[in-house]
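1. Okay, predicted coordinates and the sequence, questions at the end:
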Amino acid sequence: MQMTHAGSSETWSRVKELLVSTLVGSLPSKPGKLLRRLLYRPILKTIGKGVNIDHDCKFLGAQRIHLGDETFISHNVSFATLPNNQIVLRPNVSLGDNVSLNSDGHDSKILLHEGVKLDRGVDLRAHGGCIEIGQNTYIGPYGCLAGPGCIRIGRDCMIASHTGIYANNHNFDDLTRPINVQGTTNQGIVIEDDCWLGTGVKVLDGVTIGKGCVIGAGAVVTKDMPPFSVAVGVPAKVISRRQHSKQDRVKVCRAEVVCSSSV
């Protein structure tokens, strides 16, 4: 049986990845970074200006990986994509030590917008869905985001260490079959702009956390949170709402008066 063209191309791409990694992947210091920037260029889909790739990084499916300008990749970062999937890093993305990005399944995609920072040990696994993180959002050490449902996080969010965001849930209604053969639901998760999630927060499938929310450390979010909520507990419950200060409210009122008088 002859190997298909797609299979042959995939095999040859993998050979090039392994060859380049063997030659320059472990070289330390400035010479290693310069050589990696030069030799990874032909095997990656795109690589921008000023990209830093530290030592001992791993690439699987490099021809489906896009690195924007001034991307910083620390040591021992792992990228993995399967055919029909993508990993896209916009400019000025920063990946800490031992970060893992895995885009597998069918038509999976990981998209990190400009200025995103993933601290050490963060693990992103698209598993057949999409993970999209907005501009200037930070995810703290050892955070885990996993599909296969889509996960969309807005801009300017702060997500602390050991946070778990899981866009799937196991079915378990049938007592005659093991839970692991009953399938999953994959509704997806949305975290809107300017949210702060404390350390150890867990966000479960089907949840939307509205703009400007604050979720206290250790909370388990099982239902939607209205914008500007402050929530704590297991399960998370809203205990207050963020509001404009009196001075801010005066400014808003004055602006409304000016606008109405000019109509």
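-> Good, I have the coordinates.

2. Quick check: the gap between residue 85 and residue 41.
-> Counting by C-beta to C-beta, to the nearest Å, the separation of residue 85 from residue 41 is 21 Å. The C-beta positions use only the backbone N, C-alpha and C, and glycine is treated the same way.

3. same deal with residue 242?
-> As for residue 242, its distance to residue 41 is 46 Å (criterion: C-beta to C-beta).

4. can you check residue 127 too?
-> For residue 127, the distance to residue 41 equals 29 Å [C-beta to C-beta].

5. between the two, which one's more packed in?
-> Using other C-beta atoms under 10 Å, the more surrounded residue of residue 127 and residue 41 is residue 127, with 18 against 13.

6. wait, the more buried one sits on residue 104?
-> Yes. Counting by C-beta atoms under 8 Å, residue 127 does reach residue 104; the two are 6.2 Å apart.

7. hey, where'd the helices end up in the protein?
-> Using DSSP state H, the helices of the chain run over residues 5-24, 29-39, 246-262.

8. weakest of those in terms of mean pLDDT?
-> Out of the helices of the chain, helix 246-262 stands lowest, with a mean of 46 (criterion: mean pLDDT).

9. wait, doesn't residue 229 sit right on residue 214?
-> Yes. If you go by C-beta under 8 Å, residue 229 and residue 214 touch, sitting 7.5 Å apart.

10. Which neighbours do these two have in common?
-> Common neighbours of residue 229 and residue 214, using C-beta atoms under 8 Å, 6 or more residues apart in numbering, are residue 242.

11. Look at the residue lying closest to residue 180 once chain neighbours are set aside and report its pLDDT.
-> Nearest non-adjacent residue to residue 180, counting by C-beta to C-beta, 6 or more residues apart in numbering: residue 170, 7.6 Å away. For residue 170, the model assigns a pLDDT of 89.

12. Alright, that wraps it up for me.
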